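Student: pasting a predicted model and its sequence here:
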Amino acid sequence: MKPLLAALALGLPALHAQDVLFMKNGDKRVGQIVTADATTYRIQVPLPTPPGSQTPVAFASVSIPRADVEAIQFAPDPTLDQILRNPAATQIAELKSRWTKSLPWLSIPKSPAGRIGNTLASLLLKTGDSADAAQSLDLFKQIETAAWSEDDQMTARQGRLRAMVATGNAKDAVNEAEQLAAVTEDPAVLIEAKYILAEAAAASLKKLLADNPRWQEDINVIPERNRLYHEAIDLYLYPSLFVGSETEPAARGLSGAVAVYTMVDEPRNALECARDITIIYPTTKFAGQAAGFIASLPESQRAIDPEKEARDEQAPPADQSTPKTQKSNEAGKQKES
């Protein structure tokens with residue numbers, strides 16, 4: 001057993017956070033990675049102390065060639081895990097710092113670098129700022145090219161297409177998304193591709209309406225407006241076909257439909273989609289947005305209940321609520337009397 005591992009086996013005080021480097025020769029090195037560059041990892045390791053000694057544990061810095069490392073088991077990080085599970089815009093600065101530190105081992109198996117970068121890029125894309133969108137695009141490209149995990153690469157590819165739409169390159173993004181949707185059999189990938197197409201259609205519809213405020217009077221614009229409208233709605237609602245299994249994408253699609261219906265001044269449809277989010281997908285992050293949208297509507301609109309109206313339309317008229325046989329019996333009794 002190597003001296004360091006022997007010392008650890010004898011019961012050295014545990015490090016606050018320990019990383020395990022699996023060497024290509026079968027050995028392990030245990031410590032805390034403090035820096036990394038293109039050729040070397042530098043880890044901090046504890047030095048042996050005499051049994052019963054009250055002296056604080058001392059550490060030494062050891063350089064390990066990257067070429068000798070097969071994989072790394074990174075130390076548990078509950079704070080990072082919580083951020084990645086529930087990312088928020090307020091955590092962008094924290095994620096930027098973590099991304100910078102983790103970037104050198106983006107291609108190393110078991111590294112969380114890809115997840116960190118994808119989460120950061122997604123948050124930047126949501127700010128609506130053009131500079132953030134451009135930075136998001138660069139991040140996604142880097143992860144798609146270099147991440148060790150195929151899942152991280154696919155997430156980055158899907159994110160890159162969204163970022164392309166956000167940075168004004170929707171045409172190429174749509175072409176690539178269409179190709180992706182045509183060849184994939186993975187429902188999650190297909191849903192993401194269709195969402196990208198929905199975003200592009202909605203963006204085109206918004207621009208068309210802005211450029212043609214009196215579109216109803218232009219016979220050349222009406223067909224394109226209707227095409228984009230139906231295309232965006234159909235694509236946004238596609239995840240809803242996978243009942244119970246794709247809750248977040250389905251709620252996200254309904255949220256997109258709310259935006260389109262609001263854009264084209266169809267408040268009843270927008271309200272119905274928002275209610276579906278709060279009722280069917282109450283645990284998703286879109287439920288709060290939907291509830292806020294409903295609360296922002298005038299009371300007269302919030303009182304609209306299309307489902308109740310549909311039930312009322314299907315119900316028999318009040319004067320026909322009594323069965324015919326009962327009515328005839330009652331009429332016969334009246335004659336006898």
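Tutor: That came through fine. Residues are numbered from 1 along each chain as shown.
Student: quick check: residue 157 vs residue 172, distance?
Tutor: 13 Å (C-beta to C-beta, to the nearest Å). C-betas here are computed from N, CA, C, even on glycine.
Student: looking at the two, which has the bigger crowd around it?
Tutor: Each of residue 157 and residue 172 had its neighbours counted (other C-beta atoms under 10 Å), and the higher figure belongs to residue 157 (19 against 11).
Student: quick one: contacts for that one?
Tutor: By C-beta atoms under 8 Å, 6 or more residues apart in numbering, residue 157 lies in contact with 140, 144, 180.
Student: part of a helix, is the first one?
Tutor: Right, residue 140. Yes: the secondary structure assignment for residue 140 places it in a helix, going by DSSP: H, G, I helix; E, B strand; the rest coil.
Student: one step back: which among the contacts of residue 157 count as buried?
Tutor: The neighbour-count test (16 or more other C-beta atoms under 10 Å) applied to the contacts of residue 157 identifies 140, 144, 180 as buried.
Student: adding distance to residue 35, write the contacts of residue 157 out as JSON lines.
Tutor: Formatted as JSON lines, the contacts of residue 157 follow (distance: C-beta to C-beta, whole Å):
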{"residue": "140", "distance to residue 35": "26"}
{"residue": "144", "distance to residue 35": "26"}
{"residue": "180", "distance to residue 35": "38"}
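Student: where do the strands sit along the stretch 151-300 of the chain?
Tutor: Along the stretch 151-300 of the chain, no segments are classed as strands by DSSP state E, counting those that start in this stretch.
Student: where along it do the helices fall?
Tutor: Across the stretch 151-300 of the chain, reading from the start of the chain, the helices by DSSP state H, counting those that start in this stretch fall at 170-183, 187-211, 222-237, 247-263, 267-280, 286-296, 299-302.
Student: which of these sits closest to residue 119?
Tutor: Residue 119 sits nearest to helix 247-263 of all these, at 14.4 Å, using C-beta to C-beta.
Student: what sits up against the closest one?
Tutor: For helix 247-263, the external contacting residues (C-beta under 8 Å, 6+ apart) are 188, 191-192, 195, 198-199, 202, 205-206, 209, 229, 232-233, 235-240, 242, 267, 269-270, 273-274, 276-277, 280-281, 283-287, 289-290, 293.
Student: show me this structure divided up by domain.
Tutor: Listed domain ranges for the chain are 3-73, 77-168, 170-309 (source: automatic domain parsing).
Student: same list, those, but as CSV with mean pLDDT please.
Tutor: Formatted as CSV, the entries for those read as follows, by pLDDT from 0 to 100:
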stretch, mean pLDDT
domain 3-73, 74
domain 77-168, 92
domain 170-309, 89
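Student: output those in JSON lines; the columns should cover distance to residue 316.
Tutor: Written out in JSON lines, the entries for the domains of the chain read as follows (distance: least, C-beta to C-beta, whole Å):
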{"stretch": "domain 3-73", "distance to residue 316": "69"}
{"stretch": "domain 77-168", "distance to residue 316": "50"}
{"stretch": "domain 170-309", "distance to residue 316": "16"}
